[in-house]
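# dropping the sequence and predicted coords here.
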Amino acid sequence: MIFHATTRRRRNQTTFDILAILLGGAWTLWPFILHRGIPGYQHDWSWPFFSSRACAAIGTIGSTWLTGGLGHPNPFANENPIAIAIAVASCRVLPAIALRLYLLVVILVAGTGMLALSRSMGIRGKAAAVAAFFYLAAPPFFNKVTAGQIGFFAAIALLPWVVVIVMAIVTRPSVENVLVAAILMSLTFVQPQFIVFNAAIIVAFLLFHFKTLKRAIFPAIASYGLAVGLSAPFFYAAMFMRPDFRYTVPKPLLAWEWNESGNWLSALRLNGYISPYSKLAYMRMDGWGVFELCLTLVCAVGAFGLLRSQSPSARAIAAIGALAYLIMTGLKGPLAIFFHWGFLHVQAFTLIRELYDAAPLLAVAYSVGLAMVVDNFRKLNILIWGMTIIALLPLMAVGHDRDLHFIIPSRDTRIAMRYVASGAPSRFLPLPYKMPIAYGRKTDLSGVDTLAFVNSARPSASTYGATVELDQLAGMLGDGRKAAVSRLLTSFGIGHLVIRPNMLSAFPAQLVTGSEGRSEGRARVVFSRLAMWYEIAPISSLRCAGVDCVLALRADPAAIVSSARVAGVLTNWRNVTEGAPHIDSGTAGRLSIRFPSADVSPYDGWVDASMWGWDSSVWDEMPGLVTVTKRGGQVALSAHPQAFLSYVAQYPLELCVRRGTCRRLRASSQPRRIDLVGNAVIRAMGWAAIARIGNPVAAPSLRRLELSHAREIHPWEYVVEATGHGLGFIEFKSRFNPDWILLGARSTHVRADAYANGWIVRLDGTSLLTIYFQPQHGFDFVAAAAGFGYVSVLLLLAVVRLSSSLRRKST
């Protein structure tokens, strides 16, 4: 009888736990699970609409070069098993089904993780279920799901398990725990912020378990070090490609981070996200102040439950929650001075650019604290459950609100995706191109353009950020400069335009500035007047389905790899648009600029012009990375010998070399070129802009080469068969990077069309040439080593568990 009663209690408890997990997950996920279609054009949602796109994404996960936009290095290249599994699942089954399976796995892993964490804290019976429910239904999970940060889902799900295994390491160190911790932490690195968060968890548990510190410190450090080793491909990409982060992740800006920082009350109740999804959910409910009050009380109960505990593990979790709170408050909190200094001077602070990313750590702390109170005060069980459900009710009730959850029928992107699957090997430009893109004519909801993430031989010319060149194109279109538009489309290798009248750019028009004669035209074209593309672009054919149309441009400029007869040196954008010679021959040297200020405004120091906007037509004519200031100040430069500097300045500049010799540069309203030899410092007294330009060389008369079989093998490798005699020219229409090499012929690497890679080659007949991005060699080696490491760790873990099992049986 006792045995049957115990079994029945366990069965009832398991059933209750499962119901709590499913209820907590469904609380915020039910709109995504039940509605047909896939979320899109909402914040960061970029789940593929079609399996073909998911299959194409598999090859780009481990690619050090991305073809999207005008091409750029991929600082987030990795071989994380979760990223690969997501892409493979969407490739093998319908993406809509794969998404729902992924969300179900996230719910189960996160919920069981909170149950395991609660039980490891000594919480008995059904009390642990409240922790699982609150963790899944609280604002952090709601906000991140609504924002569509897909990798973050997995990291949130694994976070409780990481806390469980770190606790096990510091209380009972073993080889098995070290190996499991390494695997779990490496998987959470699919979201880079967890590199910092996992380290904080380890430090907190070591500090509060000081009695076991001596025997636990080495296993804890070893587990983290092994996790970093298993994630070596990501670190390799981040270290060697950090100058190109600006193409994918903006540099942390103080104005941005101020908006990211939550006030003390919002952070305490797990709100404070810069996109106030959870806040809007409460405001859409009548009497929403009552629900927010309940949420505040529930969070207070969770904090009380942790703080009253004498357990070292509870104190460690409380410390982790306190750290998360300090991160969430950022520039508005007690550590404002620290964050201010860090965002100005430490590149690694990019990892926590979105300060709200720390919210799941605080949610873990509250969840465990709630479970402790329910466990210790059984008479309050129903009251706490009821208050928790009432507090989170608005997050469930808004599932029907299309201003917070937006599901896109796949048919609405079919025409564009059909082109991507079968079009010519050229870029296409989705219009409107300026992100965020809103579906329909409303801008209440908007986000990344899913078409911008198609990386293949037919990439989108638009990408998240870094659309300076496209703004230039739009400005010319707005001015009606038909010939210039045609030449620039040729230069960018854009062979098709995808016109989408049912979509709208939600980018604020006032942020698009330009030279006096063109700003109005540029803004008008970027945001609304799609018809101008019909009038001015060199269209050869038109194909429509519904309201969307694909415009094929004249075929000759379409190829990503092409040849031309050229003679001369490119000095600015105007040469491209006027059809002038387009080689910039001395760009093998590099220029590095250290920014004393990371603020968005050039009134506060030297900043990257592409992050500020088109403030002057002069910038249009300065190639390379343009750096501007409005107030003056100095900036350090380094360059190889025989480099040159282009500048414009309101007042005279001072150029000082490191030996102390200075010379005065006269003010100029048009770009002037000066020698730049070695390291130097530029001092400005007012408005100034500087940019490195290539070394001028005498470019010979080059013959047009016959190209055949030019094809993409991988995003980082192209094969071209070229025929010719003497000197010829090959252009690879992807953003210039000195790490691109051409194999198979003697060549000189040059910049073409002010942005692209070009090679002057000497041929004698037909040659098979390979265009290759060199960092891929190192990445492949590191990725192979990391893959071998994963297999070795799993095998070693199996051996350790088998030996432990045999030892237990023998005793």
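Okay, I see it. Residues are numbered from 1 along each chain as shown.
# in stretch 461-476, what's buried?
Residues of stretch 461-476 classed as buried: 461-464, 466-476 (neighbour count, 16 or more other Cβ atoms under 10 Å). For glycine as for every other residue, the C-beta is placed from the backbone atoms N, C-alpha and C.
# let me fix that, I meant to ask about stretch 482-495.
By 16+ other Cβ under 10 Å, the buried positions in stretch 482-495 come out as A484, V485, S486, R487, L488, L489, T490, S491, F492, G493, I494, G495.
# same check on stretch 294-310?
Neighbour count says stretch 294-310 has C294, L295, L297, V298, C299, V301, G302, A303, G305, L306, S309 buried, by 16+ other Cβ under 10 Å.
# per-residue confidence at the closest residue to the second one other than its chain neighbours?
It stands for L295. Nearest residue to L295 in three dimensions, chain neighbours excluded: A391, at 4.0 Å (Cβ to Cβ, 6 or more residues apart in numbering). Per-residue pLDDT puts A391 at 89.
# what about dumping the CA coordinates of the helix or strand A391 falls within to PDB?
Here A391 sits within helix 381-397, counting by DSSP states H and E. Taking Å, rounded to 0.1, in the frame of the first residue of the first chain, the C-alpha atoms of helix 381-397 are listed here in PDB:
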ATOM      1  CA  ASN A 381       0.600  27.900  -2.200                       C
ATOM      2  CA  ILE A 382      -2.700  28.800  -3.900                       C
ATOM      3  CA  LEU A 383      -2.200  32.500  -3.200                       C
ATOM      4  CA  ILE A 384       1.200  32.700  -4.900                       C
ATOM      5  CA  TRP A 385       0.100  30.600  -7.900                       C
ATOM      6  CA  GLY A 386      -3.000  32.800  -8.300                       C
ATOM      7  CA  MET A 387      -1.000  36.000  -8.000                       C
ATOM      8  CA  THR A 388       1.600  34.700 -10.500                       C
ATOM      9  CA  ILE A 389      -1.100  33.800 -13.100                       C
ATOM     10  CA  ILE A 390      -2.800  37.200 -12.700                       C
ATOM     11  CA  ALA A 391       0.600  39.000 -12.900                       C
ATOM     12  CA  LEU A 392       1.400  37.300 -16.200                       C
ATOM     13  CA  LEU A 393      -2.100  37.200 -17.700                       C
ATOM     14  CA  PRO A 394      -1.500  40.200 -20.100                       C
ATOM     15  CA  LEU A 395       1.300  38.300 -21.800                       C
ATOM     16  CA  MET A 396      -1.100  35.500 -22.700                       C
ATOM     17  CA  ALA A 397      -4.000  37.700 -23.600                       C
END
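# what's in contact with that helix?
27-28, 30, 127, 130, 133-134, 137-139, 142, 278, 281-282, 284-285, 288, 290-291, 294-295, 297-298, 301, 370, 373-374 (Cβ atoms under 8 Å, 6 or more residues apart in numbering).
# just how off-centre is that helix within its chain?
34 Å (Cα atoms, centre = their mean, to the nearest Å).
# same for the helix or strand encompassing F235, what does it pack against?
According to DSSP H and E, F235 maps onto helix 232-240. Counting contacts by 3 or more Cβ pairs under 8 Å, 6 or more residues apart in numbering; DSSP states H and E, helix 232-240 is packed against helix 775-810.
# who are the packing partners of the helix it packs on?
Helix 775-810 packs on helix 175-188, helix 213-230, helix 232-240, going by 3+ Cβ pairs under 8 Å, 6+ apart.
# residue contacts, Q149?
H43, D44, Q191.
# could you dump these to a markdown table with secondary structure, neighbour count and pLDDT?
Formatted as a markdown table, those follow (DSSP: H, G, I helix; E, B strand; the rest coil; neighbours: other Cβ atoms under 10 Å; pLDDT from 0 to 100):
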| residue | secondary structure | neighbour count | pLDDT |
| --- | --- | --- | --- |
| H43 | strand | 20 | 85 |
| D44 | coil | 16 | 86 |
| Q191 | coil | 25 | 89 |
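# can you name the element that comes right after the helix holding F235?
Next element after helix 232-240 (DSSP H and E): helix 254-260.
# list the helices and strands whatever helix or strand comes next after that next one packs on?
Later in the chain than helix 254-260, the nearest helix or strand by DSSP H and E is helix 264-268. Contacts defined by 3+ Cβ pairs under 8 Å, 6+ apart place helix 264-268 against helix 288-307, helix 312-329.
# who touches helix 264-268?
Residues contacting helix 264-268 (Cβ under 8 Å, 6+ apart): G272, K279, T296, C299, Y325, M328, T329, K332, G333, L362.
# for it, what is the average pLDDT?
When pLDDT is averaged over helix 264-268, the result is 90.
# please export the C-alpha coordinates of that helix as CSV.
In CSV, the C-alpha atoms belonging to helix 264-268 read as follows (Å, rounded to 0.1, in the frame of the first residue of the first chain):
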residue,chain,number,x,y,z
TRP,A,264,15.2,50.7,-11.6
LEU,A,265,11.6,49.6,-11.4
SER,A,266,11.2,48.2,-14.9
ALA,A,267,14.4,46.2,-14.4
LEU,A,268,13.2,44.8,-11.1
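# please report how far H777 lies from Y236.
11 Å (Cβ to Cβ, to the nearest Å).
# got it, and Y102?
Separation of Y102 from Y236 (Cβ to Cβ): 27 Å.
# tabulate the contacts of Q149 (CSV), appending distance to L22.
Below are the contacts of Q149 laid out as CSV (distance: Cβ to Cβ, whole Å):
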residue, distance to L22
H43, 26
D44, 26
Q191, 24
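# which one of H777 and Y236 is surrounded by more residues?
Y236 (21 against 12; other Cβ atoms under 10 Å).
# any idea how many residues pack against the closest residue to the more buried one other than its chain neighbours?
Spatial nearest neighbour of Y236, excluding adjacent residues (Cβ to Cβ, 6+ apart): V782 at 4.6 Å. V782: 19 surrounding residues under other Cβ under 10 Å.
# repeat for D286
6.
# tell me the secondary structure at it.
Secondary structure, DSSP: H, G, I helix; E, B strand; the rest coil: D286 is coil.
# now V720. Its backbone dihedrals?
phi -130, psi 130 (degrees, to the nearest 10).
# these two touch, right, it and I730?
Yes: with contact defined as Cβ atoms under 8 Å, V720 reaches I730; the gap is 6.8 Å.
# need the residues touching each of those two.
Between them, V720 and I730 share the contacting residues V561, L707, L769, judged by Cβ under 8 Å, 6+ apart.
# for the helix or strand hosting the last one, buried residues please.
Pointing back at L769 there. L769 belongs to strand 756-773 when assigned by DSSP H and E. Buried residues in strand 756-773, defined by neighbour count with 16+ other Cβ under 10 Å: A756, N757, G758, W759, I760, V761, L763, S767, L769, I771, Y772, F773.
# on the pLDDT front, check the third one for me.
Looking back up the chat, that one is G758. On the pLDDT scale, G758 gets 82.
# okay, the closest residue to it other than its chain neighbours and S562: tell me how far apart.
The shortest distance from G758 to any non-neighbouring residue, by Cβ to Cβ, 6+ apart, is to A752 (3.3 Å). As judged by Cβ to Cβ, A752 and S562 stand 10 Å apart.
# okay, the two: which has more neighbours?
Taking other Cβ under 10 Å, A752 and S562 do not tie; A752 has more neighbours (26 against 23).
# follow-up on the earlier one: could you export the shared contacts of V720 and I730 as TSV, including distance to R11 and pLDDT?
Below are those laid out as TSV (distance: Cβ to Cβ, whole Å; pLDDT from 0 to 100):
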residue	distance to R11	pLDDT
V561	65	78
L707	71	80
L769	69	92
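# quick one on the thing from earlier: give me the buried entries from the contacts of helix 381-397.
Using 16+ other Cβ under 10 Å, the buried ones in those are 27-28, 127, 130, 133-134, 137-139, 142, 278, 281-282, 285, 291, 294-295, 297-298, 301, 370, 373-374.
# compare the contacts of helix 264-268 and tell me which is most surrounded.
Neighbour counts for the contacts of helix 264-268 (other Cβ under 10 Å) peak at M328, which has 29 neighbours.
# which residues are in contact with the closest residue to L743 other than its chain neighbours?
With Cβ to Cβ, 6+ apart as the criterion, L743 has its nearest non-adjacent residue at 4.4 Å, and that residue is T770. When the contact criterion is Cβ under 8 Å, 6+ apart, the partners of T770 are E717, Y718, V719, V720, L742, L743, G744.
# perfect, I'm done here.
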